[in-house]
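K.L.:
3D model of this:
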Amino acid sequence: MDFFRNKAAHASLSWQDHLKNEHDTVSLAIFLYARILFELAELNETRVANELMAFLSQVVEVILSDEGAPNRPRLPLGELTLQTEAPMEPPNRSYRAEFFEQQDGQYRMDFTGSLGKEGVYLPATYVVFLQECINTLDDESLRRLAKSLARLHDYYKFRKDFWDGTALAAGPVFALSSAKVDPEEVGPEEVSS
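P.N.:
Residues are numbered from 1 along each chain as shown. Got it, this is the predicted structure:
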């Protein structure tokens with residue numbers, strides 16, 4: 001994700017493995033979201049992280065509100081405009097996520113970004129990426145992404161640990177699976193009221 005001085009934003013996605021498909025984009029989107037929530041919490045921006053979660057819960061409801069094809073809302077980007085082509089100037093801020101599938105089938109993400117105003121740019125990074133997914137994913141993949149976002153929110157609701165390093169892998173793995181959150185396995189202090 002690149003942000004430019006003229007309030008333009010550009011998302012680009014490239015795969016080193018030519019066999020990658022939209023299923024992998026959904027996995028990337030979930031791991032990226034978990035990482036952004038983690039980074040916000042590490043920066044003591046948990047209020048911003050919770051606001052992002054509340055906003056994305058509304059987006060998920062809109063996407064999944066019809067029985068047929070998922071809705072494709074245009075997300076509010078404030079002053080930002082999503083560009084299909086990167087402007088010729090160098091970006092003002094850049095955020096990069098490198099997503100790896102390891103030999104054991106587990107995933108790892110390396111995340112780097114510009115410093116400063118992360119409480120604004122980290123959420124914007126994900127919202128712009130999500131808008132790109134909404135614009136480009138096929139119906140089945142978009143529905144899977146929305147359901148996975150909802151499942152990740154459920155995971156955090158019961159485990160309350162998006163600020164914990166273990167959530168960087170455990171949360172997305174849960175969100176992408178069909179496992180159920182078992183409140184019996186969660187201590188009473190960890191269950192939200």
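K.L.:
CA atoms for contacts and neighbours, from now on please.
P.N.:
Fine.
K.L.:
okay, how far is it across stretch 81-90, tip to tip?
P.N.:
The straight-line separation of the ends of stretch 81-90 (CA to CA, to the nearest Å) is 16 Å.
K.L.:
where do the strands sit along this protein?
P.N.:
2-3, 8-10, 81-83, 93-101, 107-113 (DSSP state E).
K.L.:
from residue 47, how far out is residue 40?
P.N.:
Counting by CA to CA, the gap from residue 40 to residue 47 is 9 Å.
K.L.:
still on that earlier bit, can you list the strands of the chain in a markdown table and add mean pLDDT?
P.N.:
As requested, these are exported to a markdown table (pLDDT from 0 to 100):
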| stretch | mean pLDDT |
| --- | --- |
| strand 2-3 | 88 |
| strand 8-10 | 86 |
| strand 81-83 | 80 |
| strand 93-101 | 83 |
| strand 107-113 | 80 |
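K.L.:
now distance to residue 167 and mean neighbour count too, for the ones you listed, in JSON lines please.
P.N.:
Formatted as JSON lines, those follow (distance: least, CA to CA, whole Å; neighbours: other CA atoms under 10 Å):
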{"stretch": "strand 2-3", "distance to residue 167": "26", "mean neighbour count": "22"}
{"stretch": "strand 8-10", "distance to residue 167": "28", "mean neighbour count": "22"}
{"stretch": "strand 81-83", "distance to residue 167": "30", "mean neighbour count": "15"}
{"stretch": "strand 93-101", "distance to residue 167": "16", "mean neighbour count": "16"}
{"stretch": "strand 107-113", "distance to residue 167": "12", "mean neighbour count": "14"}
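K.L.:
can you put those in TSV and add distance to residue 26?
P.N.:
Formatted as TSV, these follow (distance: least, CA to CA, whole Å):
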stretch	distance to residue 26
strand 2-3	20
strand 8-10	19
strand 81-83	20
strand 93-101	12
strand 107-113	13
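K.L.:
closest to residue 16 out of those?
P.N.:
Taking CA to CA, strand 93-101 is the member of the strands of the chain nearest to residue 16, at 9.8 Å.
K.L.:
for residue 31, find the nearest of the strands of the chain.
P.N.:
In terms of CA to CA, the element of those nearest to residue 31 is strand 107-113, at 7.2 Å.
K.L.:
and the angle from the closest one to strand 93-101?
P.N.:
Computed by axes from the mean of the first three to the mean of the last three CA atoms, to 10 degrees, the angle separating strand 107-113 from strand 93-101 equals 170 degrees.
K.L.:
list the contacts of strand 107-113.
P.N.:
For strand 107-113, the surrounding residues in contact (CA atoms under 8 Å, 6 or more residues apart in numbering) are 31-32, 35, 93-102, 169.
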